[in-house]
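Peer 1: Any chance you could fold what I've pasted below:
(2 chains)
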Amino acid sequence: MTHINLAALEIGQVIGTTEFLLTRDSLVRYAGASGDFNSIHYRDDVAAAVGLPGVLAHGMLTMGAAVQVAVDWVGDAGKIADYQVRFTKPVVVDPVDGAVLVVTGKVGAIDAENRLVRIDLAAVFNETTVLGKAQAQVRV
Amino acid sequence: MVNPNVQGKKYPVTNPYLVGREKIREFAHAVKSTNAMNLDVFAAQAAGYSDVIAPPTFAVVIQERSLAAVLADPEADIDFSRVVHGDQRFIHARPIVAGDELTSQLEVASVKSLGAHSMVTFETKIFDIDNALVCTAISTLVVRGDE
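Peer 2: Purely as a prediction, here's the structure:
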């Protein structure tokens, strides 16, 4: 059980919005923490050579940051029972300005019997949604 | 093209991965978590965990260890320079906790072709030291074919 009052929840209700600033520093930090050292995430020359518009954020960094909206709502990272995303658009990270990712979570479904709430996450960069079917099943 | 015959192939169980408290904190900072369960041992213990727990996507670190064996397998014939991450899912039986010793086993769930491209779905099961399932990580990679 958590502090969430299931009876007061409504489908479509916004549970939170968070703005994440992803800089080149964020990418280097994520590379080290995750072990994903693919150089398209920190070298402009490599990104250009393989035809990318610039250095990209790791998809897994975008996925990992986005779910924090659901984690902050429930208050416990251990309550995320199931989390999935589709990587639909790249997040290009400018060397000076970085990239601003705005994530909004909404109640997508409520399973009162099993005390599960599906949170649908919209992750937007540059007015474009970058994750598809981003859904977290939260144990409440 | 990815060899369709590897569909159903299971790769060897990986060496145990010891989940460190500082690794969890490092990963949590990297994914911009401010959740006390990831960072504060006392808060995590007050919530009933034995130590800090990992963010929901930390299992990718274990999944990558299994995936490395597939990418190195000549039979699968996957050109990593042509790989794009298509989708990802983590189904948690319980959160990963600092101190866990985790092994994993990957199975190639499906190989599909889409024109010149291939889509390969991997299912990695992650187990604790008692061989209880902790997490199932499902990952689809798109491998671009010759243009």
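Peer 1: which stretch of helix or strand covers B:D87?
Peer 2: strand B:83-92 (DSSP states H and E).
Peer 1: Next, the residues that contact that strand from outside, please.
Peer 2: A:59-60, A:63, A:80-87, A:132-133, B:56-57, B:59-60, B:119, B:134-144 (Cβ atoms under 8 Å, 6 or more residues apart in numbering or on different chains). Just so you know, the C-beta spots here come from the backbone N, C-alpha and C atoms, and that holds for glycine as well.
Peer 1: ok, of these, which come out buried?
Peer 2: When the contacts of strand B:83-92 are checked for burial by 16 or more other Cβ atoms under 10 Å in any protein chain shown, the buried set is A:59-60, A:63, A:80-87, B:56-57, B:59-60, B:119, B:134-143.
Peer 1: Sitting in helices, which of these do you find?
Peer 2: Among those, the ones falling in helices (DSSP state H) are A:59-60, A:63, B:59-60.
Peer 1: can you redo those as CSV with pLDDT?
Peer 2: Formatted as CSV, these follow (pLDDT from 0 to 100):
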residue, pLDDT
A:G59, 97
A:M60, 98
A:M63, 98
B:A59, 98
B:V60, 98
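Peer 1: Which one of those residues is nearest to B:L67?
Peer 2: B:V60 (9.4 Å; Cβ to Cβ).
Peer 1: ok, that closest one touching B:A137?
Peer 2: Yes: in this structure, B:V60 is within contact of B:A137 by Cβ atoms under 8 Å, at 6.9 Å.
Peer 1: Any idea what A:D94 is bridged to?
Peer 2: A:G98 (DSSP bridges).
Peer 1: For chain B, which segments count as strands?
Peer 2: For chain B, the strands defined by DSSP state E cover B:17-18, B:83-92, B:101-114, B:117-127, B:133-143.
Peer 1: Now for the ones in helices among the buried ones among the contacts of strand B:83-92: which two are most distant?
Peer 2: Longest span within those, Cβ to Cβ: A:G59 and B:A59, 14.9 Å.
Peer 1: got the phi/psi numbers for B:A76?
Peer 2: Backbone geometry at B:A76, expressed as degrees, to the nearest 10, gives phi -70, psi -30.
Peer 1: How about it, nearest residue that isn't a chain neighbour?
Peer 2: In space, and not counting its chain neighbours, B:A76 is closest to B:V6: 4.7 Å by Cβ to Cβ, 6 or more residues apart in numbering or on different chains.
Peer 1: Then A:T128?
Peer 2: A:T128 sits nearest to A:K89 (Cβ to Cβ, 6+ apart), 5.4 Å away.
Peer 1: One more: B:N3?
Peer 2: Per Cβ to Cβ, 6+ apart, closest to B:N3 is B:D77, 4.9 Å.
Peer 1: Now do the same for the longest helix seen in chain A: mean pLDDT, whole number.
Peer 2: If you go by DSSP H, chain A has its longest helix at helix A:24-34. Regarding helix A:24-34, the rounded mean pLDDT is 98.
Peer 1: Please report the number of neighbouring residues for residue 26.
Peer 2: All of this refers to chain A. 23 (other Cβ atoms under 10 Å in any protein chain shown).
Peer 1: should've been chain B
Peer 2: Neighbours around B:E26, by other Cβ under 10 Å: 15.
Peer 1: Quick check: residues of chain A near chain B?
Peer 2: Residues of chain A lying close to chain B (Cβ under 8 Å from any Cβ of the partner chain) are A:20, A:26, A:29-30, A:32-36, A:50, A:59-61, A:63-65, A:67-68, A:71-72, A:75-78, A:80-87, A:132-133, A:136.
Peer 1: check which helix or strand covers A:G132.
Peer 2: strand A:131-139.
Peer 1: do A:G54 as well
Peer 2: Of the helices and strands defined by DSSP H and E, none includes A:G54.
Peer 1: So which residue is dead centre in chain A?
Peer 2: Centroid check for chain A by Cα atoms, centre = their mean gives A:A66 as the closest residue, at 1.9 Å.
Peer 1: Please apply the same query to chain B.
Peer 2: B:Q63 (2.2 Å).
Peer 1: does that residue really touch B:S139, like I thought?
Peer 2: Yes: the criterion here is Cβ under 8 Å, and B:Q63 meets it with B:S139 at 6.3 Å.
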